[in-house]
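A.B. asks: when you get a sec, could you give me coordinates for this:
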Amino acid sequence: MKLRTLGPAWSGALMGTSISATLSNIFGLSWLSYVLLIAASILLLLVSRKERLSTATMPAWGMYSMGVLALGTAYSTILGLWWVHAAAWFIGGVLSVITCLWYTVALLRGKAGPAAFTWGLPLVAPMVTATSSAQLGAHLQSPLIMHIGMAMFFLAWCTGVPTFVVAYLRAKVPLALRTTTWIPLGIVGQSTAAAHLLWGAHLYGVIMLSIGVPLVGYALYRHWSAVGSMPYNPSWFASTFPVGTVCLGAHLSGFDTAAHVLLVLLLLHLIWAATGGAIQAAAQPTSARPR
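C.D. replies: Down below sits the predicted model:
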């Protein structure tokens, strides 16, 4: 992979690596969390390429905003650097609102193309802002930031949930994008975490995580039934961050056994996505490799 090919479209790698760093630290894997934090910081530099804001690029910019927010949380969780969290919250939060509102208008006008799970990427971004707001608001004891988080929660919920319902009903998922079936789990896990941190809403988490069980089963089947034939592309990392959010939501809701299982699945997906291109290249016949 050439570095010039990187940009916001690869922000799924930043998202997945950042939340893996946070969760590794939460579950006592300190050495791994430091390694992943360094990797995520490098990824931020690699994906931070100037690219025009447009309806077509909104899913990528939605991922970028979530990646910035997730990295900020990793820095505050692992190193206690809340100023980094605050900067990431501001930058990622503003961008999340832009992507959400822009893409919502595009969807309502029928300008977003055929139904796809990637529709939800710009819309779920404010939910990550909601979680980041709850963490920062609690640290600073700021009611204003907490209320911003609440507003972000409802913005993401009201736009994202209906969109994912439409995607499940209408989306035709091509082989190359099978991993995008994990994306709806992002709003399940992230809203569970946000609701717990903002309101202590345990029952909401139980309900959402219960809904998430069949959605995980569906994503596992669609993803892993095609794992041997999927061409490598940035969407492979779509199998990482959503799993991480459900892991975080399960942990905050007190379901630590499930959270441990999900952490293992997250790390498996991260390794698979990170090494997939090299593995496919090695498996390709010599005569078929580009010269």
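A.B. asks: could you list the low-confidence segments of the chain?
C.D. replies: 1-5, 277-278, 280-291 (pLDDT under 70).
A.B. asks: tell me the centre residue of it?
C.D. replies: Residue closest to the mean C-alpha point of the chain, counted by Cα atoms, centre = their mean, is Phe241 at 3.7 Å.
A.B. asks: in contact with it, which residues?
C.D. replies: Gly12, Met15, Gly16, Ile19, Met66, Ala70, Gly186 (Cβ atoms under 8 Å, 6 or more residues apart in numbering). For every residue, glycine as well, the C-beta is placed using N, CA and C.
A.B. asks: again, only using 7 Å
C.D. replies: Phe241 is in contact with Gly12, Met15, Gly16, Ile19, Gly186, counting by Cβ atoms under 7 Å, 6 or more residues apart in numbering.
A.B. asks: in JSON lines: these, plus distance to Trp224 and neighbour count.
C.D. replies: Below are those laid out as JSON lines (distance: Cβ to Cβ, whole Å; neighbours: other Cβ atoms under 10 Å):
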{"residue": "Gly12", "distance to Trp224": "18", "neighbour count": "30"}
{"residue": "Met15", "distance to Trp224": "20", "neighbour count": "31"}
{"residue": "Gly16", "distance to Trp224": "17", "neighbour count": "30"}
{"residue": "Ile19", "distance to Trp224": "21", "neighbour count": "32"}
{"residue": "Gly186", "distance to Trp224": "19", "neighbour count": "29"}
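A.B. asks: which of those lies closest to Cys247?
C.D. replies: Cys247 lies nearest to Ile19 out of the contacts of Phe241, by Cβ to Cβ, at 8.1 Å.
A.B. asks: which ones among the contacts of Phe241 map onto helices?
C.D. replies: Taking DSSP state H, the ones among these that sit in helices are Gly12, Met15, Gly16, Ile19, Gly186.
A.B. asks: just the CA atoms of stretch 232-241, as PDB, please.
C.D. replies: Extracted as PDB, the C-alpha positions of stretch 232-241 are listed here (Å, rounded to 0.1, in the frame of the first residue of the first chain):
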ATOM      1  CA  TYR A 232      -8.800  -5.800   0.100                       C
ATOM      2  CA  ASN A 233     -10.100  -2.300   0.600                       C
ATOM      3  CA  PRO A 234     -10.600   0.300   3.400                       C
ATOM      4  CA  SER A 235     -14.000  -1.200   4.300                       C
ATOM      5  CA  TRP A 236     -12.200  -4.100   6.000                       C
ATOM      6  CA  PHE A 237     -11.800  -1.800   9.000                       C
ATOM      7  CA  ALA A 238     -15.500  -1.400   9.200                       C
ATOM      8  CA  SER A 239     -15.400  -4.700  11.200                       C
ATOM      9  CA  THR A 240     -13.400  -3.100  14.000                       C
ATOM     10  CA  PHE A 241     -14.900   0.100  15.600                       C
END
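A.B. asks: for that stretch, which positions count as buried?
C.D. replies: By 16 or more other Cβ atoms under 10 Å, the buried positions in stretch 232-241 come out as Tyr232, Pro234, Ser235, Trp236, Phe237, Ala238, Ser239, Thr240, Phe241.
A.B. asks: show only the entries of these found in helices.
C.D. replies: Using DSSP H, the buried residues of stretch 232-241 in helices are Phe241.
A.B. asks: is Leu135 in contact with Ala194, as I believe?
C.D. replies: You called it Leu, but residue 135 is Gln. No. Using Cβ atoms under 7 Å, Gln135 makes no contact with Ala194, being 9.7 Å away.
A.B. asks: who has more neighbours out of these two?
C.D. replies: Neighbours were counted for Gln135 and for Ala194 using other Cβ atoms under 10 Å; Ala194 has more, 34 against 22.
A.B. asks: pretty sure the more buried one contacts Ser132?
C.D. replies: No. Using Cβ under 7 Å, Ala194 makes no contact with Ser132, being 9.0 Å away.
A.B. asks: what sits closest to Asn233 if chain neighbours are left out?
C.D. replies: Spatial nearest neighbour of Asn233, chain neighbours left out: Ala176 (5.8 Å); criterion: Cβ to Cβ, 6 or more residues apart in numbering.
A.B. asks: cheers, nothing more for now.
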